[in-house]
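> Take a look and give me a structure for this.
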Amino acid sequence: MSLDTGNQHRTVENDLLGSKRSPSFRDEPQLEERIFLLRQQFRDMYKQEEEVIVRSPGRAEVIGNHTDYNNGLALASAISRSFIALFKKREDNLIQVFSNGFSKKIVVFNTKNIIKDTVYPWVNYVKGVIQELLNAGHLISGADVLPDSNIPSSGGVSNSAALELAIALGFSSLYEKEVLNRFSAALLCQRAENNFVGSPCGLLDQASVALGVREQMVLMDFQPQDGSPVSTRLVPAALARHDVAFVIVADSSVKRRLGETGYPARRKKCEESLPILTRMLSRPVSSLRDISIREFEEHRRHLDKIDRIMRMRV
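Numbers count the residues shown, from 1 in each chain. You can find the predicted model right below:
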C-alpha cells in the first residue's frame, strides 16, 4: 500500500506506515481515505501541513490476563484498528492537541509546565508520554497534534497504549534523526501511565502495541532476565492465509479504565500474597510464577481462610 503524497513528511508505524511490517493481519479498510480526511482536517484546524504521520495499532490479548506483573507468559497480537496521529513542529514550547474521539476543543499546554488535567483526562496520556520523553533527555518541544482512533474506547484492546505509542514515536520522529526504539518506547509509555496517569499497569499493553508485526503474534515472558523486564519473540500467525481471523466480542456499554476498575486491587492482592506464600512454603516466593499447581492445591484451603479474595486472585 502506497501512501506517498509527494510531500516531504515522515511516516511512522512502529517503523513505517504502509510497510510490509504493517502490524495489521489485514490492511485496515479505507486507510488511505481515513488519512486523506485527517490531513484535510489538520490543515483546516492548524492552517499548515503536517510533517509526521504515525499509525499505532490496538491489540488483542490471546493469553495473559494479569500475568505481566506476576512474571508470567502472555501472547498478544496487533489488530487492524489503530490510532493515527499527525504532527507538526512549532517554534515555541506549546503543544496543541485535538482528538476526534474525546475533544470538544483544542487543548493547549506548555512543555515547560506539564500538570495533570482534571477536565480532559484523556490528555494525561499525551502529557505523561511527553513528560517521560523530557525526563529521558529527548530534546523535544512544541507541536500541533491531531490523534484519531477507530479502536473501541475502554474495550480492552489497548486504546490508551496505542495513543501513548503514537505520541512517543511521533515526537521522536518529529525532533530526532533516529526514531525511538520500539521496545524503549513501550517502556517509556508504561512509565508515563504509571507515573503520570496513575494506573499501575504492567507492560503487556504497551509491548503488544509496540512489537506487533503483520502475520505474527508477540509471545512475551515477563520473568526479568539480563536486566530486561520482558523477553519477547514473534510467533508466525498468518491467519488470513487460512481465511480465519480474530473475532472480538465486546459489550460497548461497559467502559474499562485500568486506574478506575478493580485492576489496582487485583494487583495489590497478588503482591500481598507473596509473603504469605513464602511462609506457607518455607521458601522465598518472589512471584506467583514460582508456585506450582500442586503447591497451590495443597495450600488453597489455608489461603482461603486467610483471605478468600486473595485466594481467588492467586
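> Just give me how far the top helix by length along the chain sits from the chain centre.
Longest helix in the chain, counting residues (DSSP state H): helix 263-281. How far helix 263-281 lies from its chain's middle: 26 Å, per CA atoms, centre = their mean, to the nearest Å.
> can you list the residues that contact that helix?
66, 69-70, 199-201, 258, 284-288, 291, 295, 299, 302-303, 306-307, 309-310, 313-314 (CB atoms under 8 Å, 6 or more residues apart in numbering). (Each C-beta comes from the backbone N, C-alpha and C, glycine too.)
> So Ser149 is in contact with Asn159, correct?
Yes - counting by CB atoms under 8 Å, Ser149 does reach Asn159; the two are 6.0 Å apart.
> List buried residues within the contacts of helix 263-281.
Buried residues within the contacts of helix 263-281, counting neighbours by 16 or more other CB atoms under 10 Å: 66, 69-70, 199, 201, 258, 285, 287-288, 291, 299, 303, 310, 313-314.
> Which of those residues fall in helices?
Short answer: those in helices (DSSP H) are 299, 303, 310, 313.
> Could you name the helices and strands sitting against the biggest strand by length in the chain?
Using DSSP state E, we find that the single longest strand of the chain is strand 73-89. With contacts defined as 3 or more CB pairs under 8 Å, 6 or more residues apart in numbering; DSSP states H and E, strand 73-89 has these neighbours: helix 31-46, strand 52-63, strand 143-149, helix 159-175, helix 204-211, strand 216-221.
> now the longest one and strand 143-149, what's the angle there?
What that stands for is helix 159-175. 150 degrees (axes from the mean of the first three to the mean of the last three CA atoms, to 10 degrees).
> Would you mind listing the buried residues in helix 159-175?
Using 16+ other CB under 10 Å as the test for burial, helix 159-175 gives 159-175.
> next one: the second one
If you call a residue buried by 16+ other CB under 10 Å, then strand 52-63 has these buried ones: 52-62.
> mind checking how far it is from the chain centre?
With CA atoms, centre = their mean, you get 7 Å for strand 52-63.
> ditto for the fifth one
Chain-centre distance of helix 204-211: 6 Å, with CA atoms, centre = their mean.
> Equivalent analysis for stretch 297-309, please.
With CA atoms, centre = their mean, you get 35 Å for stretch 297-309.
> Which residues are in contact with the residue nearest to Gln206 when sequence neighbours are not counted?
In this structure, Gln206 finds its nearest non-sequential neighbour in Ala186, 4.0 Å apart by CB to CB, 6 or more residues apart in numbering. Residues counted as contacts of Ala186 (CB under 8 Å, 6+ apart) are 165, 203, 206-207, 209-211.
> Okay then, goodbye and thanks.
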